[in-house]
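Peer 1: What follows is a protein structure lacking sequence information:
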Ligand SMILES: *Cc1c(COP(=O)(O)O)cnc(C)c1O
């Protein structure tokens, strides 16, 4: 029997549904499932059936929204960056997308749209201190007033975004919370919180929480894993041992000879490299083989990485290797590689074969 390369990503829909329920228990208000970037790399088309528990869905681009509408004909779909031109606004009306309005040019697009009955729901984005998208704190009331004059707008809601939801006690977050509370005085529906804010207990009752990373069973908070919040990982990435070598003390491994064997040792070659989405790096991370941690050694190459098999008794060619998943959370890999879990899950490439599984 010859091995197959077998580099794969398993997507567990039961875990996704579990996480949606977990957020509904944590947050007292409607839940917007954030599924931009192909559902954070999990594959939008694969997971839509499991999203029905969300009250609305949000994406970044009009293309993502159009794709999502084909799967889900009758749920609220929110465009987080709004529309960029008249044609996109017409599409938003036709396909019943909600739009964020965050800059004056988008307000002008709205005002120039001639209709006699209201046709669209709008979320006015206000910059409460993150300084990315949104009308300035000092002049959002004029924008709100103009939106309320527009004949095309059905409902208007208010939106803001935390810059440091992982730092609930810092000055910036305190100021943002204070401003959020002032925004609520308008008596309109509001949306302020992302995953980090909900997990840190910052979400307001009845607000529309916008949860992305957490739905996929991943925590954005430093030093915590999703299991600390009763969330379960939706993506499990695994590969196989495609070669095993018994190396001698002093022999180098891989490009640039960045690892020198400190003693005689078994080394495994795993079919997972940066072209599959494992970040190019110099051996600071681990994989899991049969519940044993195995250190990545030397440089990650395009199609492969090397691991220290010393802790694995009688390793076999073709053995499965967990890159991240139930045994090693993607949060841990992100910490080891000095990156964030968002980039890891979004970075899995088309070369990896995806499988939908009902239960992990
Ligand atoms: C991506 C995004 C979110 C979701 O953030 P998570 O940290 O993944 O929960 C929420 N709001 C906006 C505006 C976003 O762009």
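Peer 2: Received the coordinates, thanks. Everything quoted here is computed from the prediction, not taken from an experiment. Numbers count the residues shown, from 1 in each chain.
Peer 1: Can you give the distance from stretch 127-142 to the centre of its chain?
Peer 2: Distance, stretch centre to chain centre, for stretch 127-142: 25 Å (C-alpha atoms, centre = their mean, to the nearest Å).
Peer 1: do it and the ligand meet at all?
Peer 2: No. Stretch 127-142 does not reach the ligand (C-beta under 6 Å from any ligand atom); its nearest approach is 7.4 Å. Every residue, glycine included, has its C-beta placed from N, CA and C.
Peer 1: now do the same end-to-end measure for that stretch.
Peer 2: 14 Å (C-alpha to C-alpha, to the nearest Å).
Peer 1: list the buried ones in stretch 152-165?
Peer 2: Buried positions in stretch 152-165, judged by neighbour count with 16 or more other C-beta atoms under 10 Å: 152-153, 156-162, 164-165.
Peer 1: ditto for stretch 264-279
Peer 2: Buried residues in stretch 264-279, counted by 16+ other C-beta under 10 Å: 265-274, 276-278.
Peer 1: ok so, going back, any chance of JSON lines for the buried residues of stretch 152-165, columns pLDDT and secondary structure?
Peer 2: Output for those, formatted as JSON lines (pLDDT from 0 to 100; DSSP: H, G, I helix; E, B strand; the rest coil):
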{"residue": "152", "pLDDT": "93", "secondary structure": "coil"}
{"residue": "153", "pLDDT": "96", "secondary structure": "strand"}
{"residue": "156", "pLDDT": "98", "secondary structure": "strand"}
{"residue": "157", "pLDDT": "98", "secondary structure": "strand"}
{"residue": "158", "pLDDT": "98", "secondary structure": "strand"}
{"residue": "159", "pLDDT": "98", "secondary structure": "strand"}
{"residue": "160", "pLDDT": "98", "secondary structure": "coil"}
{"residue": "161", "pLDDT": "98", "secondary structure": "coil"}
{"residue": "162", "pLDDT": "98", "secondary structure": "coil"}
{"residue": "164", "pLDDT": "97", "secondary structure": "coil"}
{"residue": "165", "pLDDT": "96", "secondary structure": "coil"}
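Peer 1: So which of those is the closest to the ligand?
Peer 2: Nearest to the ligand, judged by C-beta to the nearest ligand atom, of the buried residues of stretch 152-165 is residue 161 at 4.8 Å.
Peer 1: Quick check, the closest one in contact with residue 132.
Peer 2: Yes. Between residue 161 and residue 132 there is a contact under C-beta atoms under 8 Å: 7.2 Å.
Peer 1: mind listing what's buried in stretch 307-318?
Peer 2: 307-309, 312, 315.
Peer 1: Which pair of the residues you listed spans the longest distance?
Peer 2: Comparing all pairs in the buried residues of stretch 307-318 by C-beta to C-beta, the longest separation belongs to 308 and 315, at 10.7 Å.
Peer 1: Next, show the common contact partners of those two.
Peer 2: Common neighbours of residue 308 and residue 315 (criterion: C-beta atoms under 8 Å, 6 or more residues apart in numbering): 266, 268.
Peer 1: Might you report the residue contacts of residue 66?
Peer 2: By C-beta under 8 Å, 6+ apart, the neighbours of residue 66 are 91, 95.
Peer 1: can you check the one 5 residues further on too?
Peer 2: Under the criterion of C-beta under 8 Å, 6+ apart, the contact list for residue 71 reads 44-45, 48.
Peer 1: Now that we have those, which of them are buried?
Peer 2: Among the contacts of residue 71, those scoring as buried are 44, 48 (criterion: 16+ other C-beta under 10 Å).
Peer 1: ok, so of the contacts of residue 71, who is nearest the ligand?
Peer 2: Nearest to the ligand among these, with distances taken as C-beta to the nearest ligand atom, is residue 44, at 14.1 Å.
Peer 1: The closest one touches residue 65, doesn't it?
Peer 2: No. Residue 44 lies out of contact with residue 65 (C-beta under 8 Å); the separation is 10.5 Å.
Peer 1: For the longest strand seen in the chain, which residues meet the burial criterion?
Peer 2: Looking across the chain with DSSP state E, the single longest strand is strand 235-247. Neighbour counts over strand 235-247 (16+ other C-beta under 10 Å) mark 235-242, 247 as buried.
Peer 1: Could you list which of the contacts of residue 71 belong to helices?
Peer 2: Among the contacts of residue 71, the residues falling in helices (DSSP state H) are 44-45.
Peer 1: Who are the contact partners of residue 177?
Peer 2: Shown in contact with residue 177 (C-beta under 8 Å, 6+ apart): residue 202.
Peer 1: next one: residue 357
Peer 2: By C-beta under 8 Å, 6+ apart, residue 357 lies in contact with 10-13.
Peer 1: how about a cut-off of 10 Å?
Peer 2: 10-15, 236 (C-beta atoms under 10 Å, 6 or more residues apart in numbering).
Peer 1: The stretch 201-350 of the chain against the ligand: which residues are in contact?
Peer 2: Contact residues (C-beta under 6 Å from any ligand atom) of the stretch 201-350 of the chain with the ligand: 210-214, 220.
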